[in-house]
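Asks: model this:
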Amino acid sequence: MFPLKICDCVQVGTITVKTCVFVLVGPIVVISFAWCAVGAELADGNPRTNEVQGNDQPFTVVAVLHDDEALARPHDIELQGDLAFVPGKGGSVAIVDIKDLANPRIVWWNRDELAVEDAQTVLPLGQHLFLGARDFYSINVKDPAKPVVEERISDRPRVDRINGMARRGDFILSANKTGWIGVFDISDPPSPRLRDVLDTRRHGDLRSPHDIAAFGNHIIVVDQARDSPVKVRIYRVADSTTSQLLPTDKWVVAGSVTSASLNGANRVGVSGNHAFVACSQSDNFAIGFLDITNPDDPVHLLTMPFADVHATGLAISGNMLFVAGGQAVQALDISAPDKPKTLAVIETTDVFPTGRDNAHDLVYRDGHLFVTAQNDNQIGIIRVNDRRILERAL
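Replies: So this is what the prediction gives:
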């Protein structure tokens with residue numbers, strides 16, 4: 001027997017209230033979900049509501065894949081073709097066949113906590129998979145059932161605890177939680193090399209860079225540390241005329257956001273002239289919205305509460321922003337980034353049996369969300385039914 005959480009939304013005046021009940025079911029497998037089709041509470045405090053369109057249920061859990069060894073505290077997830085690549089903070093790396101969405105299967109995995117310690121982020125590129133952990137790896141995945149590690153770069157403390165990566169041409173830029181940004185030359189994928197590093201404590205006042213995104217001639221980096229004076233920092237990293245990446249000693253420290261409402265800035269994504277920040281701190285579970293039209297002077301538009309706790313996953317598709325954390329995924333319409341609207345929220349104990357910092361990262365593709373559950377050693381595949389979300393996510 002296990003508890004099934006069932007929630008619905010009730011309109012009380014201008015406020016949408018979510019009510020939940022728990023029932024015991026078993027021993028059969030049951031897909032459980034909870035959802036609210038509500039709007040974001042904006043800076044003015046006014047909730048904006050919408051009715052669900054399309055299927056009566058905005059989301060459906062399609063599959064859950066659990067493995068305590070292959071998916072040891074899964075952190076990131078990235079897709080390429082019919083494969084999902086999942087690194088785990090417990091020292092695991094897994095390749096999952098997702099061709100049949102209802103029956104994902106692990107085609108290869110490795111768990112060696114000494115060799116691949118604290119695996120947190122991946123970036124697939126053709127026949128190679130770049131892995132960020134306490135070292136930087138290039139893995140040949142031409143045969144996904146028999147991957148081969150072709151290069152491992154160790155250079156501590158400059159390369160250590162890589163938590164986020166962004167590709168810019170022939171380079172990968174990494175966010176290192178101990179206070180560095182790494183620049184890896186991947187022009188020869190089997191033999192990447194560490195070209196440069198930036199000490200973010202000395203240049204930009206970042207204590208613990210947690211994620212990174214590239215846009216134009218700039219990068220944007222978020223800092224998870226509560227005591228960091230800067231929550232979001234922008235650097236100009238490329239020549240303004242040629243757009244060629246510059247050595248780090250030529251980088252320009254540009255604008256920043258220092259608002260305490262972005263404490264615990266964990267993930268960042270960019271779409272057009274706007275950046276979105278997921279925040280995960282003990283007293284701040286929130287989503288931040290920034291206008292980065294002028295990288296030297298970014299504008300903090302607003303911060304809104306996240307639907308659950310520990311907002312740590314963030315994915316953008318079209319005019320939709322998906323944020324994961326705790327036991328929930330929140331889907332927001334960002335057609336007008338200064339007036340975001342929450343279209344639906346799914347809370348599911350099938351994908352996220354335990355709470356707290358569980359749902360961690362996610363990607364959206366072709367009407368489905370792929371989400372990691374780091375406390376439960378599993379990933380979930382969730383189908384989106386809501387027509388509004390599907391249309392805006394194109």
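Asks: contacts and neighbour counts: CA atoms only from here.
Replies: OK.
Asks: Is it correct that Asp291 is in contact with Leu301?
Replies: Yes. The criterion here is CA atoms under 8 Å, and Asp291 meets it with Leu301 at 6.7 Å.
Asks: For this protein, just list every one of the helices.
Replies: Ranges of helices in the chain, per DSSP state H, are 387-392.
Asks: Flag the shaky bits of it, pLDDT-wise.
Replies: 1-55, 113-114 (pLDDT under 70).
Asks: Regarding it, what is its longest strand?
Replies: Determined from DSSP state E, the single longest strand within the chain is strand 54-66.
Asks: For Asp291 and Leu301, indicate the residue with more neighbours.
Replies: Asp291 (20 against 14; other CA atoms under 10 Å).
Asks: Any idea what that one is bridged to?
Replies: His274, Val299 (DSSP bridges).
Asks: so what's it up against?
Replies: 273-275, 298-301 (CA atoms under 8 Å, 6 or more residues apart in numbering).
Asks: 6 Å instead?
Replies: Going by CA atoms under 6 Å, 6 or more residues apart in numbering, Asp291 touches 274, 298-299.
Asks: now what about the longest strand of the chain, what contacts it?
Replies: By CA under 6 Å, 6+ apart, the list of residues contacting strand 54-66 from outside reads 102, 377-387.
Asks: which one is the most centrally placed residue in the chain nearest to, not counting chain neighbours?
Replies: Nearest to the mean C-alpha position of the chain, by CA atoms, centre = their mean, lies Gly313 at 3.3 Å. Leaving out its chain neighbours, the residue that sits closest to Gly313 by CA to CA, 6 or more residues apart in numbering is Asp361, at 3.9 Å.
Asks: got the contact list for that neighbour?
Replies: Contacts of Asp361 (CA under 6 Å, 6+ apart): 76, 313, 371-372.
Asks: 10 Å instead?
Replies: 74-78, 121, 267, 311-315, 322-325, 329, 370-374, 379 (CA atoms under 10 Å, 6 or more residues apart in numbering).
Asks: swap in Ala175?
Replies: Here Ala175 is in contact with 132, 159-166, 181-183, 200, 208-213, 221-223 (criterion: CA under 10 Å, 6+ apart).
Asks: can we see that at 7 Å?
Replies: Applying CA atoms under 7 Å, 6 or more residues apart in numbering to Ala175 gives the contacts 162-165, 181-182, 209-212.
Asks: Output the longest strand of the chain as CSV - backbone C-alpha positions only.
Replies: Output of strand 54-66 as CSV, limited to C-alpha atoms (Å, rounded to 0.1, in the frame of the first residue of the first chain):
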residue,chain,number,x,y,z
GLY,A,54,-7.6,20.2,-24.1
ASN,A,55,-7.3,17.1,-22.0
ASP,A,56,-9.0,17.4,-18.6
GLN,A,57,-5.6,16.7,-17.0
PRO,A,58,-2.8,19.1,-17.9
PHE,A,59,-0.2,16.3,-17.5
THR,A,60,0.0,12.6,-17.5
VAL,A,61,2.9,10.6,-16.1
VAL,A,62,4.0,8.2,-18.9
ALA,A,63,6.8,6.4,-17.2
VAL,A,64,9.1,6.2,-14.2
LEU,A,65,12.6,4.6,-14.4
HIS,A,66,14.2,3.7,-11.1
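Asks: Work out the gap between it and the centre of the chain.
Replies: 20 Å (CA atoms, centre = their mean, to the nearest Å).
Asks: Listing partners with orientation, what would you give for that strand?
Replies: Strand 54-66 has these strand partners (DSSP bridges): strand 378-386 (antiparallel).
Asks: Of the contacts of Ala175, just say which sits nearest to Pro247.
Replies: Nearest to Pro247 out of the contacts of Ala175 is Gly182 (CA to CA; 11.2 Å).
Asks: could you list every residue that touches the nearest residue to the closest one once chain neighbours are set aside?
Replies: Using CA to CA, 6+ apart and skipping residues adjacent in sequence, the residue nearest Gly182 is Val197, 4.5 Å away. The neighbours of Val197, taking CA under 7 Å, 6+ apart as the test, are 158, 180-183, 248.
Asks: Output the contacts of Ala175 in JSON lines, with neighbour count and distance to Asp97 appended to each entry.
Replies: Below are these laid out as JSON lines (neighbours: other CA atoms under 10 Å; distance: CA to CA, whole Å):
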{"residue": "Ile162", "neighbour count": "29", "distance to Asp97": "25"}
{"residue": "Asn163", "neighbour count": "27", "distance to Asp97": "24"}
{"residue": "Gly164", "neighbour count": "29", "distance to Asp97": "23"}
{"residue": "Met165", "neighbour count": "26", "distance to Asp97": "23"}
{"residue": "Ile181", "neighbour count": "27", "distance to Asp97": "32"}
{"residue": "Gly182", "neighbour count": "25", "distance to Asp97": "31"}
{"residue": "Pro209", "neighbour count": "32", "distance to Asp97": "32"}
{"residue": "His210", "neighbour count": "29", "distance to Asp97": "28"}
{"residue": "Asp211", "neighbour count": "28", "distance to Asp97": "27"}
{"residue": "Ile212", "neighbour count": "28", "distance to Asp97": "28"}
